[in-house]
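> I would like to see how this sequence folds:
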Amino acid sequence: MKIGFVGLGNMGAPMCRNLLRQGHALRVYDLVPALVRPHSEAGCESASSAPDCAKGVDALVTMLPSSPHVRTAYGGTYGILAEVKPGTLLIDCSTIDPLTARDVAMDAKARGCPMIDAPVSGGVAGAEAGTLTFMVGGEARDFEAAKPILQCMGKNVVHCGAAGNGQVAKICNNLMLAIEMIATSEGMTLAAKLGMDPKVFASIVNTSSGRCWSSDTYNPYPGVLEGVPSSRGYSGGFAADLMLKDLTLVTDAARSARVPVLLGALAQQLYQKHSADGHGAQDFSSVILQYLKP
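Presented below is the predicted three-dimensional model:
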């Protein structure tokens, strides 16, 4: 297939490379020309804008930072939907609020273009390895049409229901993840300060009822696990600022749905403080530094 790809950042670039490796012809665009250059050298066709990237392709994938970016890229007189050919399959892999995803999908449908929202889980490592999980919202036939493309970039492709439901799955999952990471940070730090060896305590937790992904796979306490951000000064991984962004999406969505998310709101405030303290670029497990202070 000929596929357009808009957004060649930390996630978009490896996703794009995986599509290229699978034999697809790529037409690419990013606001930063330096990000386009290596893809052009690898054989991708360069576009002059996001709408230009949508011309003459069978499908268009977007991986953008936030809801306003998605609305701007797709909408307006000079947006993607003003230029795209009816029938072009649109796949937005950005993590945004469900309302924006539904609004843009409705506008795409009016233009005659099938559209799905397909946010991802798995981070940069998963994007590079082609093992991402895609949480997909949209009509079943559009999901089936997009599935072969998504399988070039990911290992798990799950249909979550109607438009916007991919975003629902993503932000609710990250709500739970953030709370679990904070709980693990509190428990690990308290146990250590009460005299417990962190590795011994972690081994107990991970065979007991406190066990979770944050404790057994991604433990935030330094020296407990090898190969995780806490073992390398919290570099790499999923940035704390990105977790803050997702928690802000959660609290906004909860407000509109009139659902209390008390722990989610506390988690959002803790990550807000963590970012203000200068840790926004570190992995989100670095939130334990809020507790490890003397």
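> distance from the chain centre to the lengthiest helix in the chain, please.
Among all segments of the chain classified by DSSP state H, the helix with the greatest residue count is helix 165-193. On the basis of CA atoms, centre = their mean, to the nearest Å, helix 165-193 is displaced by 16 Å from the centre of the chain it belongs to.
> average pLDDT across that helix?
For helix 165-193, mean pLDDT rounds to 97.
> just the CA trace of the helix or strand just after it, in CSV.
Following the chain from helix 165-193 toward its C-terminal end, the next helix or strand by DSSP states H and E is helix 198-205. The C-alpha atoms that make up helix 198-205 are tabulated as CSV, following Å, rounded to 0.1, in the frame of the first residue of the first chain:
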residue,chain,number,x,y,z
PRO,A,198,14.2,-3.2,49.1
LYS,A,199,15.0,-6.4,47.0
VAL,A,200,13.7,-8.6,49.7
PHE,A,201,10.5,-6.5,50.1
ALA,A,202,10.0,-6.5,46.4
SER,A,203,10.3,-10.3,46.2
ILE,A,204,7.6,-10.6,48.9
VAL,A,205,5.3,-8.1,47.2
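> by contact count, what packs against the helix or strand just after helix 198-205?
Remark: after helix 198-205, the chain's next helix or strand is helix 213-216, criterion DSSP H and E. Counting by 3 or more CB pairs under 8 Å, 6 or more residues apart in numbering; DSSP states H and E, the packing neighbours recorded for helix 213-216 are helix 165-193, helix 198-205. For glycine as for every other residue, the C-beta is placed from the backbone atoms N, C-alpha and C.
> buried sites along the helix or strand following helix 213-216?
In the C-terminal direction, the helix or strand that comes right after helix 213-216 (DSSP H and E) is helix 240-257. Taking 16 or more other CB atoms under 10 Å as the basis for neighbour counts, the residues of helix 240-257 that come out buried are 240-254.
> can you list the buried residues in stretch 113-127?
Burial within stretch 113-127, assessed by neighbour count using 16+ other CB under 10 Å, is assigned to 113-124, 126-127.
> need those residues in a markdown table (columns: pLDDT, distance to Gly76 and secondary structure).
Putting the buried residues of stretch 113-127 into a markdown table (pLDDT from 0 to 100; distance: CB to CB, whole Å; DSSP: H, G, I helix; E, B strand; the rest coil) gives the following:
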| residue | pLDDT | distance to Gly76 | secondary structure |
| --- | --- | --- | --- |
| Cys113 | 97 | 16 | coil |
| Pro114 | 98 | 21 | coil |
| Met115 | 98 | 16 | strand |
| Ile116 | 98 | 21 | strand |
| Asp117 | 98 | 19 | strand |
| Ala118 | 98 | 23 | coil |
| Pro119 | 97 | 23 | coil |
| Val120 | 96 | 26 | strand |
| Ser121 | 91 | 30 | strand |
| Gly122 | 88 | 32 | coil |
| Gly123 | 85 | 32 | helix |
| Val124 | 85 | 31 | helix |
| Gly126 | 91 | 33 | helix |
| Ala127 | 93 | 29 | helix |
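> closest to Glu41 among the residues you listed?
Sorting the buried residues of stretch 113-127 by how near they are to Glu41, with CB to CB, puts Ala127 at the top with 19.7 Å.
> give me the number of residues near the nearest residue to that closest one once chain neighbours are set aside?
Sequence neighbours aside, Pro14 is the residue nearest to Ala127 in space, at 4.1 Å (criterion: CB to CB, 6 or more residues apart in numbering). Neighbouring residues of Pro14 were enumerated by other CB atoms under 10 Å; the total is 20.
> in a strand, Lys155, correct?
Yes: assigned with DSSP: H, G, I helix; E, B strand; the rest coil, Lys155 falls within a strand.
> contacting residues for it?
Taking CB atoms under 8 Å, 6 or more residues apart in numbering as the definition of contact, the neighbours of Lys155 are Gly130, Thr131, Leu132, Thr133.
> of these, buried ones?
Gly130, Leu132, Thr133.
> quick one: the residues you listed as CSV, columns for distance to Lys2 too.
Below are these laid out as CSV (distance: CB to CB, whole Å):
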residue, distance to Lys2
Gly130, 20
Leu132, 22
Thr133, 26
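> now, which of those lie within strands?
Among the buried ones among the contacts of Lys155, the ones falling in strands (DSSP state E) are Leu132, Thr133.
> nice, that's everything, thank you.
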